[in-house]
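# need the 3D shape of this:
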Amino acid sequence: MAAKDKKMKKTARERNGRAETEVMLEDEPTTTELETKLGAVGIFILSCVIYFITMFPGLPMGDSGEFMVTAIDFGVAHPPGYPLFTSMAHLAIKLIPFGSPAWRVSLLSVLFGALFNVTVYYVVSLVGKNSVVGLMAAGWIGFSRLFWMWSIQGEIFSLNNFFCAFIMLRAYYFESCSKENILFEAKISALTCGLSLSNQHTSVLFIVPFALRVAYKVLIVEGKSPRDACNIAMYGIGGMAWYLQMPISHFFFTPRVTWGDFGSISTFLKHMLRLDYGSSFKLVAGDTQGTFISNFIAFVKDSSAELTVLPWAFALFLIYTVTTKVPGHLFRTTVKVFLAMMGCYFAVFCSLANIENPAGLSRGVLERFWMQPSIGLLILAGIGLSKFIIFLSEKVHPILKNKYLQLALAILIISVQIKTNYEENDESDNWYAHHYAQSILPELPENSILLTGGDLPTNVFRYHTICEQMRPDVRVMDMQFMAADWFRDVLAPTTFAGINVPGVYRPFKAADLVKGQYNLKGFLDANIDSFDIFVCNSVRRDEGSDYEVHYMLIPYRTCKRFVKRSDVVNPVEVVEKTPSTVLDEWPMPDIRKYEDRTWEHTLKVAYLNSLSEKGSLMWQEAVAHKNSNNLRYLLGKGALEIGQAVTQIETGIAEGRLEEGVWDHVRIGVAMNMGHFCMMLHTMVAAEGNETRRLQLEECGRKYWTIFVHWSKITRLKKEHNEDALVEQLETYLALKSFKELQFNL
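Residues are numbered from 1 along each chain as shown. Next comes the predicted model:
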């Protein structure tokens with residue numbers, strides 16, 4: 001045993017001797033320590049200023065609203081709970097004495113976005129021995145569209161970006177520390193990793209390779225004891241102790257919004273491990289599955305479009321340098337750890353991320369998770385650029401090593417990035433979530449119930465009723481929450497006191513329910529006599545046959561109101577009491593700025609889709625009361641609503657705010673409704689003997705229905721991938737689709 005110990009110590013001394021020899025091969029820094037610190041201060045101040053003047057003034061859409069309504073009362077967000085961010089957001093809301101809760105939490109993201117840029121700067125500067133290139137890397141990534149966007153809104157990604165870069169910085173410090181400080185550096189690194197996991201699980205894919213390297217160096221190279229390794233692990237567990245926020249919230253607080261019952265270890269672990277989603281790396285619940293190759297190709301395409309192909313080129317040059325040259329030991333081992341982090345992320349995340357062929361909003365969801373590997377890519381690229389400059393200075397001209405020339409290039413790169421992405425990331429006037437809430441909440445009767453489905457209406461309305469106190473009497477009930485087993489015991493007695501929750505909600509037909517469950521009809525039956533009930537977003541179709549027999553949905557701005565059919569005696573009264581869906585005073589997002597991957601685009605789609613719904617209601621009522629004296633009024637009123645929708649859509653296309661083709665599905669829906677109205681009015685006018693008017697209406701109905709039929713054929717041909725027939729059908733359709741040619745005065 002003693003001989004074995006001597007052999008291990010001898011091996012360690014030999015390795016240390018080689019390491020000390022190889023240190024002599026490390027490149028000398030090109031800037032002084034003072035210049036490096038000044039660079040860090042400069043990039044921090046610049047980042048703070050740019051992010052601050054472009055950050056959201058109010059609520060960003062998406063998950064931000066949820067984080068803020070949970071943070072304000074110290075509740076728990078969706079799995080895995082994000083306890084570190086929630087706690088920080090809670091402190092920001094309580095301690096910052098001015099601004100809305102959304103503004104305060106966005107300010108927190110600005111701070112961590114700036115710290116992230118500083119950390120990237122330091123990693124590249126220390127490993128690449130060139131702080132000017134560190135400025136280039138920090139500005140390149142920090143002012144790219146994606147990283148800039150997530151640094152100016154109250155979300156967890158700015159903090160996660162900081163932690164991922166900081167873990168890479170800790171890896172460098174661990175590799176470069178003396179033998180006397182190795183345990184201290186390992187403990188600080190473990191604490192950092194634990195805190196990072198308390199914010200976002202994907203950071204574990206950087207942590208695992210780093211942890212294996214720490215264990216190898218501590219136990220094998222330095223010959224430390226297992227007890228030392230256990231002490232290091234305890235620091236990591238200590239960082240993760242922030243997850244105790246969830247049971248603390250459950251037992252000592254009464255949050256108005258929280259995601260679950262954390263009174264038992266099983267429910268705590270279920271939430272923490274994201275078992276509702278299947279795993280920590282599944283992005284949506286369900287069995288859909290992407291593939292490693294498709295996800296990796298998606299990252300290469302997105303990162304190349306976002307950051308150009310140059311980072312890939314410099315990163316590959318770095319790999320070439322590490323594998324073919326004779327770099328110093330510190331440089332080589334640090335770069336290998338970074339490469340292992342990247343490899344681990346790609347191997348695991350690209351295999352498990354379950355969004356296949358992402359498009360629209362799903363693409364926006366997936367691209368957030370490309371930020372973490374992009375951090376590794378840019379840091380490797382920055383280090384590679386440092387080596388490439390040395391290579392060029394030896395092969396081309398020594399002037400390329402001039403730090404003032406490099407500084408000019410760094411300023412140019414940062415300036416180009418800011419100029420290129422400033423307009424797209426300038427959200428300083430983005431009040432769209434506020435306008436959305438303002439268009440609905442003040443119009444609702446006192447003590448209304450607002451049923452919601454999906455992140456957009458749920459988070460926007462909950463935030464404004466709870467955090468901004470805009471109509472706090474309105475109770476926003478998320479139908480996803482209502483379907484949770486814990487909802488009746490956790491939130492129903494407090495946040496929704498007085499509302500009859502007759503069990504566990506299930507979106508099923510009555511025949512499929514079991515004891516203790518209720519569907520939408522059961523909820524309406526239990527509460528419609530006590531509350532005005534509205535719904536924003538669609539209702540599940542499989543419930544339709546149950547509730548539609550007894551209730552009708554009346555469009556109410558961009559939401560709908562439930563009304564008992566037995567209470568609707570005169571459809572004209574229903575029409576008169578329904579606020580118009582067309583909102584001239586509501587400034588809508590410019591589609592030229594907000595692509596289909598953004599929530600702003602989703603909001604605009606929801607609004608435009610709702611434009612013809614009141615007209616559709618008029619049509620349904622006209623059919624139901626076709627022998628009534630109110631028929632002509634219903635038809636005229638409905639046609640007027642449809643005409644206003646046509647005007648808004650066509651004006652938006654003409655002004656470039658709506659993209660031609662993207663909104664065809666909305667225009668076709670409008671065309672179908674106009675065809676309905678024209679044909680019914682045609683029948684009435686024909687009976688009255690007005691031949692001229694009859695011919696006009698017949699032509700109207702024919703043209704609008706032709707558009708609708710053509711669109712249906714186009715949709716079918718697209719699904720069949722019949723390109724020749726599709727081109728022919730499109731040519732016919734394009735000759736007919738101009739609404740401006742078809743409009744006439746009803």
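# in this protein, which spans are strands?
Assigned by DSSP state E, the strands in the chain fall at 449-452, 475-478, 504-505, 517-518, 533-536, 551-556, 559-564.
# with distance to residue 410, mean pLDDT and mean neighbour count added, can I get the ones you listed in CSV?
The C-beta positions use only the backbone N, C-alpha and C, and glycine is treated the same way. Below are the strands of the chain laid out as CSV (distance: least, Cβ to Cβ, whole Å; pLDDT from 0 to 100; neighbours: other Cβ atoms under 10 Å):
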stretch, distance to residue 410, mean pLDDT, mean neighbour count
strand 449-452, 48, 96, 23
strand 475-478, 47, 96, 24
strand 504-505, 57, 92, 20
strand 517-518, 62, 91, 18
strand 533-536, 48, 93, 22
strand 551-556, 55, 82, 21
strand 559-564, 51, 89, 21
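# just so I know, which of those lies nearest residue 205?
Taking Cβ to Cβ, strand 475-478 is the member of the strands of the chain nearest to residue 205, at 30.8 Å.
# direction included, what does that closest one pair up with?
Paired with strand 475-478 in the same sheet, following DSSP bridges, are strand 449-452 (parallel).
# return the distance of the strand it pairs with from the chain's centre.
On the basis of Cα atoms, centre = their mean, to the nearest Å, strand 449-452 sits 23 Å off its chain's mean C-alpha point.
# columns distance to residue 304 on top of the strands of the chain, output as TSV?
Listed next are these as TSV, based on distance: least, Cβ to Cβ, whole Å:
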stretch	distance to residue 304
strand 449-452	38
strand 475-478	38
strand 504-505	45
strand 517-518	50
strand 533-536	39
strand 551-556	44
strand 559-564	41
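# wait, which of those strands is closest to residue 369?
strand 475-478 (24.3 Å).
# what sits up against that closest one?
447-453, 458, 461-462, 465, 495-496, 499 (Cβ atoms under 8 Å, 6 or more residues apart in numbering).
# ok, and the most crowded of these?
The residue in the contacts of strand 475-478 with the most neighbours, by other Cβ atoms under 10 Å, is residue 461 (27 neighbours).
# I figured that one was touching residue 536, is that so?
Yes: counting by Cβ atoms under 8 Å, residue 461 does reach residue 536; the two are 7.1 Å apart.
# which neighbours do these two have in common?
Common neighbours of residue 461 and residue 536 (Cβ under 8 Å, 6+ apart) are 440, 450, 452.
# so how far is residue 77 from the second one?
The one in question is residue 450. Noted for residue 450: a distance of 21 Å to residue 77, by Cβ to Cβ, to the nearest Å.
# do residue 88 as well
Going from residue 88 to residue 77 by Cβ to Cβ gives 12 Å.
# do the same with residue 166
Taken as Cβ to Cβ, the span from residue 166 to residue 77 is 22 Å.
# how many neighbouring residues does the residue lying closest to residue 84 once chain neighbours are set aside have?
Of all residues not flanking residue 84 in the chain, residue 198 sits nearest, at 4.0 Å (Cβ to Cβ, 6 or more residues apart in numbering). By the measure other Cβ under 10 Å, the count of residues near residue 198 is 27.
# I'd say residue 198 and residue 242 touch.
Yes: Residue 198 sits in contact with residue 242 when judged by Cβ under 8 Å, with a separation of 3.8 Å.
# residue 201 touches residue 80, doesn't it?
Yes: using Cβ under 8 Å, residue 201 is in contact with residue 80, at 5.9 Å.
# OK, contacts around the residue nearest to residue 84?
Residue 198 neighbours (Cβ under 8 Å, 6+ apart): 83, 84, 239, 240, 242, 243.
# about what we covered before: for residue 88 and residue 77, indicate the residue with more neighbours.
For the pair residue 88 and residue 77, the greater number of neighbours falls to residue 77 (25 against 21), based on other Cβ under 10 Å.
# could you give the number of residues near residue 412?
The burial count for residue 412: 12, using other Cβ under 10 Å.
# if I look at it, how far off is residue 38?
Computed with Cβ to Cβ, the distance linking residue 412 and residue 38 is 19 Å.
# one more: residue 566?
Distance of residue 566 to residue 38, given as Cβ to Cβ: 76 Å.
# looking at those two, which one has more neighbours?
For residue 566 versus residue 38, the count of surrounding residues by other Cβ under 10 Å is larger for residue 38: 13 against 8.
# residue 172 against residue 125, yeah?
No: assessed by Cβ under 8 Å, residue 172 is found out of contact with residue 125, at 10.2 Å.
# who has more neighbours out of the two?
residue 125 (27 against 21).
# how about the residue nearest to the more buried one when sequence neighbours are not counted, what does it touch?
Nearest in space to residue 125, with sequence neighbours left out and distances taken as Cβ to Cβ, 6+ apart, is residue 134 at 3.5 Å. For residue 134, the contacting residues are 36, 39, 120, 121, 122, 123, 124, 125, 128, 382, by Cβ under 8 Å, 6+ apart.
# change it to 7 Å
Neighbour list for residue 134: 39, 121, 122, 124, 125, 382 [criterion: Cβ atoms under 7 Å, 6 or more residues apart in numbering].
# roughly how far apart are it and residue 470?
Remark: distance between residue 134 and residue 470 (Cβ to Cβ) = 45 Å.
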